[in-house]
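*Asks:* Take a look and give me a structure for this.
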Amino acid sequence: MKFETQHLFIKNLNRLLSKGYSLGEALNVLDFMHAKLVNKIKTFLDSGRSFTRAIEELKFKRFVSESLNLGERCNQLNGVLTIINNRFTFLAKLKRLFQKYLLYPLLLLIIALLCFETIRLNLYPTIRALLGDTFEANKFLLFLSFHLLKIVVIFCSLIVLFFFLHKEYANIIPIVKDYRSLILNNYLELLLTCGISLAEGLNLLKSILNTKIYRLFELEKIILTEYKVSIISPFNLLFIKYLTKGIKTNDLITSLNDYREFSEALLFDKIKKITYYLQFSLFFLITANIFLIYYLIMLPMYQLSNNL
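*Replies:* Predicted coordinates:
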């Protein structure tokens with residue numbers, strides 16, 4: 001199911017539940033906008049399955065079903081839908097940021113790879129035969145001119161693949177740590193607002209969230225003792241600071257709320273800066289590669305044509 005369809009459905013459902021509609025009434029209202037989707041959900045509900053189970057089988061994003069599971073367990077479906085909607089909104093902003101600043105450079109990178117490979121296979125052998133030993137002194141630069149982009153792409157792809165297969169190790173990346181800290185903060189804030197204690201809330205989150213990624217057992221040690229935060233933990237130091245401050249002042253909800261308001265804008269601003277740097281890096285890399293090919297191949301070819 002498309003990201004936009006999921007976002008629109010959750011947004012509209014959250015709006016209706018906030019106005020006091022029951023889940024059944026809200027689905028009836030949404031029937032004219034999301035007819036196929038609503039009919040499938042009703043079919044699942046009529047067969048005795050939960051709303052969360054219906055969402056899972058309809059292939060919504062994993063965080064949607066995780067959050068709904070939490071909402072059904074603590075009887076706070078509307079509050080959880082607000083969190084889900086905010087997360088969808090954040091991801092939609094990231095998607096627009098990617099399309100605006102990184103899509104064109106990535107397309108240009110792919111085209112450059114194809115063009116450089118065509119030059120290497122078709123033009124370079126002919127030029128090398130004409131120029132003889134001219135290239136021997138520049139073997140390393142020649143290697144870079146034809147393989148630099150491929151090396152960078154392969155290296156980055158392997159890193160992305162590694163973190164995709166081992167999501168828990170992505171916690172070492174500061175921006176990922178900030179994002180996951182914010183997710184935990186939002187869940188804890190919701191549970192505490194519902195009257196659930198911190199210990200009960202952590203136990204509830206343990207049964208829902210991926211233990212390897214969110215390492216809630218480590219968070220418990222941090223709360224109870226002076227346990228040092230490990231590098232692969234998903235909590236940044238600012239989150240720990242606000243959490244411990246809230247516990248000491250016996251006003252944890254306010255402290256978590258302050259952290260959320262402070263960190264949301266800061267996180268998006270960091271991601272925005274990273275996209276700028278990535279855009280510049282991609283353009284610089286492509287430009288440098290073009291210069292290398294021009295310097296090592298096209299310029300000698302031009303000089304040869306003048307001599308002839």
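*Asks:* ok, and for the helix or strand harbouring Gln99, which residues are buried?
*Replies:* Here Gln99, judged by DSSP states H and E, is contained in helix 77-101. For helix 77-101, the buried set under the neighbour-count rule, 16 or more other C-beta atoms under 10 Å, comprises 77-85, 87-88, 90, 97, 101. C-beta: built from backbone N, CA, C; applies to glycine.
*Asks:* Now the terminal residues of stretch 245-259, how far apart.
*Replies:* 11 Å (C-alpha to C-alpha, to the nearest Å).
*Asks:* How about stretch 129-149?
*Replies:* Stretch 129-149 has an end-to-end distance of 25 Å (C-alpha to C-alpha).
*Asks:* any weak-confidence spans in this protein?
*Replies:* Flagging of the chain using pLDDT under 70 yields the residue ranges 130-138, 226-227, 298-308.
*Asks:* What is the neighbour count of Asn203?
*Replies:* 13 (other C-beta atoms under 10 Å).
*Asks:* any idea how far Tyr259 is from it?
*Replies:* 22 Å (C-beta to C-beta, to the nearest Å).
*Asks:* Phe235 now?
*Replies:* Taken as C-beta to C-beta, the span from Phe235 to Tyr259 is 11 Å.
*Asks:* ok, now Ile10?
*Replies:* Distance from Ile10 to Tyr259, by C-beta to C-beta: 24 Å.
*Asks:* Also Thr89?
*Replies:* 19 Å.
*Asks:* Over to Phe268?
*Replies:* Taking C-beta to C-beta, one finds Phe268 at 15 Å from Tyr259.
*Asks:* Which residue of the two possesses the greater neighbour count?
*Replies:* Tyr259 (24 against 14).
*Asks:* Just list the residues touching the more buried one, thanks.
*Replies:* Tyr259 makes contact with Asn185, Leu238, Phe239, Tyr242, Leu243, according to C-beta atoms under 8 Å, 6 or more residues apart in numbering.
*Asks:* Pull out the buried members of these.
*Replies:* Buried among these by 16+ other C-beta under 10 Å: Asn185, Phe239, Tyr242, Leu243.
*Asks:* Please flag which of the residues you listed sit within helices.
*Replies:* Counting by DSSP state H, the buried ones among the contacts of Tyr259 place Asn185, Phe239, Tyr242, Leu243 in helices.
*Asks:* does the closest residue in space to the second one that isn't next to it in sequence count as helix, strand or coil?
*Replies:* Put plainly, it is Phe239. What sits nearest to Phe239 in space, not counting adjacent residues and going by C-beta to C-beta, 6 or more residues apart in numbering, is Ser181, at 4.0 Å. Judged by DSSP: H, G, I helix; E, B strand; the rest coil, the three-state class of Ser181 is helix.
*Asks:* Tell me who's in contact with Ser181.
*Replies:* Contacts of Ser181 (C-beta under 8 Å, 6+ apart): Pro234, Phe235, Asn236, Leu238, Phe239, Ser263.
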